[in-house]
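Engineer: Got a predicted model here, sequence first, then my questions.
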Number of protein chains: 2
Amino acid sequence: MKNNKTGGVRALQKEKTRRSLIDAAFNQLNAEQGFASLSLREVAREAGIAATSFYRHFRDMDELGLAMVDESGLTLRQLLRQARKRIEKGGSVLQTSVTTFIEFIDKNPKVFLLLLREKAGTSSAFRSAIAREIQHFIVELVDYLNNANGMPHHYNEAQAEAMVTIAFNAGAEAIDFDEIKRQKLIEDLIFQLRMVSRGAYYLYHKEQIKAEHR
Amino acid sequence: MKNNKTGGVRALQKEKTRRSLIDAAFNQLNAEQGFASLSLREVAREAGIAATSFYRHFRDMDELGLAMVDESGLTLRQLLRQARKRIEKGGSVLQTSVTTFIEFIDKNPKVFLLLLREKAGTSSAFRSAIAREIQHFIVELVDYLNNANGMPHHYNEAQAEAMVTIAFNAGAEAIDFDEIKRQKLIEDLIFQLRMVSRGAYYLYHKEQIKAEHR
């Protein structure tokens, strides 16, 4: 019994250190420093452990990197859930989604730095892990759209993909922007997302009308 | 007279070596090797000059990098010009533009690798140089749209930005794709660009109709 308890404490401690390593690595990312230039030694130091203890948690820096991508995926899913909750309370869908998105970037700038940089980066493990997380995000958005507008799946898929691409790119720019430029960016983003949404609607209904006249 | 001639030959030779250095640097970029990991020594070797002679052409690797971005900008402008010529000969505007775009990526994969990677990279000099080139590209596209559809500038600006964002992202994916996946990607891209274009048209005309009824 006592052994079990100690084991539990130890597992908890291990999880806590793992968490600290992930946090330290995110913390050391910035505009000038990408994942590739992080040093294992520096990350371990910030997490408060000896460099040699790092290997009890991750095989190497790349494995830590993939854990960071997993973490980013969870953050993206929270983002969607929060936007959905707010939309249920009423208000413009696009406005609410974009506001929630920009808030999330402010709260998690490092997550977006990692995703956007490594999405087209030199590590193929990173590229495919990130592509997978973004794909999850798109799939959830498609589900939402399918329920909301009743249009065929492939319309919503194309629409969701275009929207996520536009929003993520705007998000990357938002990180560097001051408040005034950011307000303009938010307006532009909403305008562009509305174009995609109206365009999908228009293309679908034009096809419907054609089909009815056949 | 003779001196002048020799000077001309020398200038020509210098330009040729500069060209070789840019070509060698592009050539050494690939899926696993980004600009940051290029070595001056390796680039000079491939260009057929001694490493010490490199400095007669560029102050450092970063200056070479910026020359590569300038070069990429020229390539983008050629792309637009070629698409426009083909469109004048008739055919679907979107289909022709996308086909021309994908052909260009095939001919200049390294240009797109550089632009897409460094757009969100750690060098702020690179980030702003690339943002500027993409902005040029968007401005030319807006001019084209203004002439073609007569819609207000800010509709065409938002439309052009959204289209370029979507197309460049698809272009980045196309580099890794085989022929079958690529065909699907081209179809999706055209579908998404059509959504943006129809959406802009729809939003504008809806506003027009509202204004007429006021």
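Structural biologist: That came through, no problem.

Engineer: Tell me what angle the helix or strand encompassing residue A:167 forms with helix B:153-176.
Structural biologist: For residue A:167, the host element (DSSP states H and E) is helix A:153-176. Per axes from the mean of the first three to the mean of the last three CA atoms, to 10 degrees, the angle that helix A:153-176 makes with helix B:153-176 is 100 degrees.

Engineer: Run through the neighbouring helices and strands of helix A:153-176.
Structural biologist: Applying 3 or more CB pairs under 8 Å, 6 or more residues apart in numbering or on different chains; DSSP states H and E, one finds that helix A:153-176 contacts helix A:93-107, helix A:109-119, helix A:124-149, helix A:179-212, helix B:153-176, helix B:179-212. C-beta: built from backbone N, CA, C; applies to glycine.

Engineer: how far does it sit from the chain's center?
Structural biologist: From the chain centre to the centre of helix A:153-176 is a distance of 11 Å (CA atoms, centre = their mean, to the nearest Å).

Engineer: quick revisit: could you dump the helices and strands packed on helix A:153-176 to TSV with distance to residue B:64 and mean pLDDT?
Structural biologist: Listed next are the helices and strands packed on helix A:153-176 as TSV, based on distance: least, CB to CB, whole Å; pLDDT from 0 to 100:
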stretch	distance to residue B:64	mean pLDDT
helix A:93-107	33	88
helix A:109-119	22	87
helix A:124-149	25	89
helix A:179-212	31	90
helix B:153-176	22	91
helix B:179-212	31	90
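
Engineer: so which of those comes closest to residue B:10?
Structural biologist: Residue B:10 lies closest, by CB to CB, to one member of these: helix B:153-176, at 38.6 Å.

Engineer: Would you mind checking the average pLDDT for the strand or helix carrying residue A:26?
Structural biologist: In this assignment (DSSP H and E), residue A:26 forms part of helix A:2-28. Averaged over helix A:2-28, pLDDT sits at 87.

Engineer: in the helix or strand that comes right after it, what counts as buried?
Structural biologist: Going down the chain from helix A:2-28, the next helix or strand is helix A:40-47, by DSSP H and E. Buried residues in helix A:40-47, counted by 16 or more other CB atoms under 10 Å in any protein chain shown: A:40, A:43-44, A:47.

Engineer: Neighbours of the residue in chain A that chain B sits nearest to, how many?
Structural biologist: Nearest residue of chain A to chain B: residue A:199, at 2.9 Å (CB to the nearest CB). Applying other CB atoms under 10 Å in any protein chain shown, we find 29 residues neighbouring residue A:199.

Engineer: what about the closest residue to it other than its chain neighbours, distance to residue B:213?
Structural biologist: The spatially closest residue to residue A:199, leaving aside those adjacent along the chain, is residue B:199, at 2.9 Å (CB to CB, 6 or more residues apart in numbering or on different chains). Applying CB to CB, to the nearest Å, the value for residue B:199 to residue B:213 is 21 Å.

Engineer: so the residue nearest to residue A:199 makes contact with residue A:204?
Structural biologist: No: if you go by CB atoms under 8 Å, residue B:199 and residue A:204 don't touch, sitting 11.8 Å apart.

Engineer: ok, back up a step: kindly state which of the helices and strands packed on helix A:153-176 is positioned closest to residue B:132.
Structural biologist: Among the helices and strands packed on helix A:153-176, the nearest to residue B:132 by CB to CB is helix B:153-176 (13.6 Å).

Engineer: Give me the buried stretch members for that closest one, please.
Structural biologist: Using 16+ other CB under 10 Å as the burial criterion, the residues of helix B:153-176 that qualify are B:155-175.

Engineer: and what of stretch A:173-187?
Structural biologist: Of the residues in stretch A:173-187, those buried (16+ other CB under 10 Å) are A:173-175, A:182, A:185-186.

Engineer: same question, stretch A:203-214
Structural biologist: Neighbour-count burial for stretch A:203-214 flags A:203-204 (criterion: 16+ other CB under 10 Å).

Engineer: what's in contact with it?
Structural biologist: Outside stretch A:203-214, the residues within contact range by CB atoms under 8 Å, 6 or more residues apart in numbering or on different chains are A:151-152, A:155, B:194-195, B:198.

Engineer: Including distance to residue A:55, could the residues you listed go into JSON lines?
Structural biologist: Listed next are the contacts of stretch A:203-214 as JSON lines, based on distance: CB to CB, whole Å:
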{"residue": "A:151", "distance to residue A:55": "51"}
{"residue": "A:152", "distance to residue A:55": "50"}
{"residue": "A:155", "distance to residue A:55": "49"}
{"residue": "B:194", "distance to residue A:55": "52"}
{"residue": "B:195", "distance to residue A:55": "49"}
{"residue": "B:198", "distance to residue A:55": "55"}
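
Engineer: Please identify the residues of chain A in proximity to chain B?
Structural biologist: Taking CB under 8 Å from any CB of the partner chain as the criterion, the neighbours of chain B within chain A are A:31-34, A:36-37, A:113, A:116-117, A:119-124, A:158-159, A:161-162, A:165-166, A:169, A:172, A:188, A:191-192, A:194-203.

Engineer: List only those of the residues you listed flagged as buried.
Structural biologist: A:34, A:36, A:113, A:116-117, A:119-123, A:158-159, A:161-162, A:165-166, A:169, A:172, A:188, A:191-192, A:194-203.

Engineer: From the chain's centre, how far out is stretch A:112-130? Work that out for me.
Structural biologist: 12 Å.

Engineer: er, stretch A:98-118 I mean
Structural biologist: 7 Å.

Engineer: Identify the residues contacting it?
Structural biologist: Applying CB under 8 Å, 6+ apart, the contact partners of stretch A:98-118 are A:26-27, A:29-31, A:34-35, A:65, A:68-69, A:71-72, A:75, A:78-79, A:82-83, A:86, A:126-127, A:130, A:133-134, A:167-168, A:171-172, A:174-175, A:182, A:186, A:189-190, A:193, B:120-122.

Engineer: export the buried residues of stretch A:173-187 to TSV and tack on distance to residue B:54?
Structural biologist: Output for these, formatted as TSV (distance: CB to CB, whole Å):
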residue	distance to residue B:54
A:173	34
A:174	38
A:175	34
A:182	41
A:185	40
A:186	45
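
Engineer: farthest pair in these?
Structural biologist: A:175 and A:186 (13.4 Å).

Engineer: Distance of the closest residue to residue A:57 other than its chain neighbours relative to residue A:110?
Structural biologist: Nearest residue to residue A:57, sequence neighbours excluded (CB to CB, 6+ apart): residue A:18, at 4.8 Å. Computed as CB to CB, the residue A:18 to residue A:110 distance reads 17 Å.
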